[in-house]
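Engineer: no sequence on this one, just coordinates:
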């Protein structure tokens, strides 16, 4: 067989003297003698003893957490104790319910991030370095009341201003500098210590120090209008000095004003006077001040009596929140004419078609005219009018008023007709109002009676006793009553074939 002995020196291994079975040593070399018990032949070799360092830790730490409801029970993020146990970030930490569990890597806590425990509880940490060496540390959990009462509130108010198209006014969202609370919180503690502040959206994150808000000086609230922020205060001793919803963010609405749409101020066509009141009173009741441009003669009033054209703007300030909004409105002025008349330009019984001309005087702005109150034109002249009764209308283009003339009767006669059965100008007649009781008599150039007809009839077709008459001039006489007086008119027209 083979016998193996261990020696501190190579010479002792060669001679087989002073064998050892154990050693308490640092790094060293051990020499090994292997001897064949049958032949007594031997050989000598060696190996090195290497002592690896244990993790450098504090094996008994006190880990404090704030109590937000005074029941001596709270949630701990046990991993926050890592820095108290050791500053070496290469170590691996695990948390256990018992020392045996920490030594054997068993009996792990259910949730090391959100571990609920009462004051005086204990957990054990297993710490392993990169060499695989293990140590344990006892973590004593302390639930302490915060110095700052849970009822403490610090309020930051902002106005719900327009920022851009993705952050409009009226959405209940704005930007806040959360650090504004810190001087007020520091004033709650004794002087001479430094504090670290962190901010969270909810209690769980604040207790476990997870998901801290990172943009502290330009935080955009995530709950519209009114949002609590949890603040965690730690001293330079790693102790939780304060924890609670100490910060309240309020987004105040802007004054909800609406001056309305731009409008036309209708004024008196003679004096040029007129007025309309616009109202800048916000829809939401409150205390407000009003600054008008141009200056409001009524001073600090929501009501402005507009008496001229122009642009009127107002800045409305909520004197409780100092939130400001503005609006403006533009007005033009106009009126109907001061006077209006229409005259028949074409004398009665003129040949062809009639012309009426309208005349508007005085007033303000620009006018349009019409003979049916439907179709309007800038020109005051209406031409090519058939015989009939006409009323002429005038209005300003802004719609402030409308005037109309007396009724005008146009009486003309066609100076030719073409009775060729093509559907155009096949008959000749003078159409008079019924009350004129008009009778028309047609003669040839020699005075021969060819046709007598009513002004309300179809007209003459250019025949006599069924025979077509030649192209030439024919004479006519119109007999009618106007204002109960008998009148007549004579002239001539052409027949063209």
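Structural biologist: That came through, no problem. All values derive from a computational prediction rather than experimental measurement.

Engineer: quick one: low-confidence ranges for the stretch 101-250 of the chain?
Structural biologist: When residues are selected by pLDDT under 70, those of the stretch 101-250 of the chain lie in 236-239.

Engineer: now the helices for it?
Structural biologist: 182-186, 203-208 (DSSP state H, counting those that start in this stretch).

Engineer: do you know which of the ones you listed lies nearest residue 111?
Structural biologist: Comparing those by their distance to residue 111 (C-beta to C-beta), the top pick is helix 203-208, with 9.2 Å. Just so you know, the C-beta spots here come from the backbone N, C-alpha and C atoms, and that holds for glycine as well.

Engineer: in that closest one, what counts as buried?
Structural biologist: Buried positions in helix 203-208, judged by neighbour count with 16 or more other C-beta atoms under 10 Å: 203, 205, 206, 207, 208.

Engineer: closest one of those residues to residue 108?
Structural biologist: Of all those, residue 208 has the smallest distance to residue 108: 17.1 Å, by C-beta to C-beta.

Engineer: what's the neighbour count on the closest residue to that closest one other than its chain neighbours?
Structural biologist: Closest residue to residue 208 apart from its sequence neighbours, by C-beta to C-beta, 6 or more residues apart in numbering: residue 77 at 3.8 Å. Applying other C-beta atoms under 10 Å, we find 20 residues neighbouring residue 77.

Engineer: residue 109 is in contact with residue 77, correct?
Structural biologist: No. Judged on C-beta atoms under 8 Å, residue 77 makes no contact with residue 109 at a distance of 11.5 Å.

Engineer: list residues touching both of these two?
Structural biologist: Residues within reach of residue 77 and of residue 109 at once, by C-beta atoms under 8 Å, 6 or more residues apart in numbering, are residue 115.

Engineer: next one: residue 127 from residue 169, what distance?
Structural biologist: Distance of residue 127 to residue 169, given as C-beta to C-beta, to the nearest Å: 55 Å.

Engineer: and the two? Which one has more around it.
Structural biologist: Shown here are residue 127 and residue 169; by other C-beta under 10 Å, residue 127 has more neighbours (23 against 17).

Engineer: I'd say residue 394 and residue 382 touch.
Structural biologist: No. With contact defined as C-beta under 8 Å, residue 394 does not reach residue 382; the gap is 11.9 Å.

Engineer: between these two, point out the one with more neighbours.
Structural biologist: Higher neighbour count among residue 394 and residue 382: residue 394, with 24 against 21, using other C-beta under 10 Å.

Engineer: where does the more buried one sit: helix, strand or coil?
Structural biologist: strand (DSSP: H, G, I helix; E, B strand; the rest coil).

Engineer: switch to numbering from 380
Structural biologist: Renumbered: residue one is now 380, and that last one reads residue 773.

Engineer: pLDDT at it, what is it?
Structural biologist: Among the per-residue scores, residue 773 holds a pLDDT of 97.

Engineer: partner residues bridging it?
Structural biologist: Beta-bridge pairing of residue 773 under DSSP bridges involves residue 748, residue 782.

Engineer: quick one, what contacts it?
Structural biologist: The contact partners of residue 773, taken as C-beta under 8 Å, 6+ apart, are 715, 716, 719, 737, 739, 746, 747, 748, 749, 781, 782, 783.

Engineer: check residue 657 too.
Structural biologist: Here residue 657 is in contact with 638, 639, 682, 683, 685, 691, 708 (C-beta under 8 Å, 6+ apart).

Engineer: inside strands: which ones of the residues you listed?
Structural biologist: When DSSP state E defines the strands, the subset of those inside them is 682, 683, 685, 691, 708.

Engineer: are any of these buried, and which?
Structural biologist: Buried subset of the ones in strands among the contacts of residue 657 (neighbour count, 16+ other C-beta under 10 Å): 683, 685, 691, 708.

Engineer: tabulate the helices of the stretch 480-629 of the chain (a markdown table), appending distance to residue 852.
Structural biologist: Formatted as a markdown table, those follow (distance: least, C-beta to C-beta, whole Å):
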| stretch | distance to residue 852 |
| --- | --- |
| helix 561-565 | 110 |
| helix 582-587 | 109 |
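
Engineer: residue 834: which of the ones you listed is closest?
Structural biologist: Nearest to residue 834 among the helices of the stretch 480-629 of the chain is helix 582-587; the distance by C-beta to C-beta comes to 99.2 Å.

Engineer: I'd like to know which elements that closest one is packed against.
Structural biologist: When contacts are defined as 3 or more C-beta pairs under 8 Å, 6 or more residues apart in numbering; DSSP states H and E, helix 582-587 sits against strand 452-455, strand 605-614, strand 619-631.

Engineer: switch to 10 Å and redo it
Structural biologist: strand 439-446, strand 452-455, strand 494-497, strand 574-579, strand 605-614, strand 619-631 (3 or more C-beta pairs under 10 Å, 6 or more residues apart in numbering; DSSP states H and E).

Engineer: so what touches it?
Structural biologist: 444-448, 453-459, 490-495, 577-579, 589-592, 607-611, 619, 622-624 (C-beta atoms under 10 Å, 6 or more residues apart in numbering).

Engineer: mind giving me the PyMOL command for buried ones among those residues?
Structural biologist: Restricted to buried positions by 16+ other C-beta under 10 Å, the PyMOL selection for these reads:
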select buried, resi 444+445+446+447+453+454+455+456+457+458+459+491+492+494+577+578+579+607+608+609+610+611+619+622+623+624
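
Engineer: please tell me how far the nearest residue to residue 794 once chain neighbours are set aside sits from residue 722.
Structural biologist: Setting aside the residues directly before and after it, residue 794 is nearest to residue 730 in space (C-beta to C-beta, 6+ apart), at 3.8 Å. Residue 730 sits 19 Å away from residue 722, going by C-beta to C-beta.

Engineer: you'd agree residue 733 is up against residue 763?
Structural biologist: Yes. Residue 733 lies in contact with residue 763 (C-beta atoms under 10 Å); the separation is 8.1 Å.

Engineer: the two - which one has more neighbours?
Structural biologist: When neighbours are counted by other C-beta under 10 Å, residue 733 comes out ahead of the other of residue 733 and residue 763, with 23 against 8.

Engineer: need the contact list for that one.
Structural biologist: Residue 733 makes contacts with 723-727, 761-767, 769, 787-791, as judged by C-beta under 10 Å, 6+ apart.

Engineer: residues contacting the closest residue to residue 654 other than its chain neighbours?
Structural biologist: Using C-beta to C-beta, 6+ apart and skipping residues adjacent in sequence, the residue nearest residue 654 is residue 686, 4.7 Å away. Contacts for residue 686 (C-beta under 10 Å, 6+ apart) come out as 644, 646, 651, 652, 653, 654, 655, 676, 710, 712.

Engineer: if we can go back for a sec, which residues are in contact with each of residue 773 and residue 761?
Structural biologist: Joint contacts of residue 773 and residue 761 (C-beta under 10 Å, 6+ apart) are 721, 737, 748, 749.

Engineer: could you report the distance from residue 630 to residue 602?
Structural biologist: 10 Å.

Engineer: which residues do these two both contact?
Structural biologist: Contact with both residue 630 and residue 602 is made by residues 551, 552, according to C-beta under 10 Å, 6+ apart.

Engineer: those two: who's more crowded?
Structural biologist: A side-by-side neighbour count of residue 630 and residue 602, using other C-beta under 10 Å, places residue 630 first with 23 against 13.

Engineer: who's that one bridged to?
Structural biologist: Applying DSSP bridges, one finds that residue 630 bridges with residue 537.

Engineer: let me know whether it touches residue 534 as I believe.
Structural biologist: No. The pair residue 630 / residue 534 is not scored as a contact, 11.6 Å apart, by C-beta under 10 Å.
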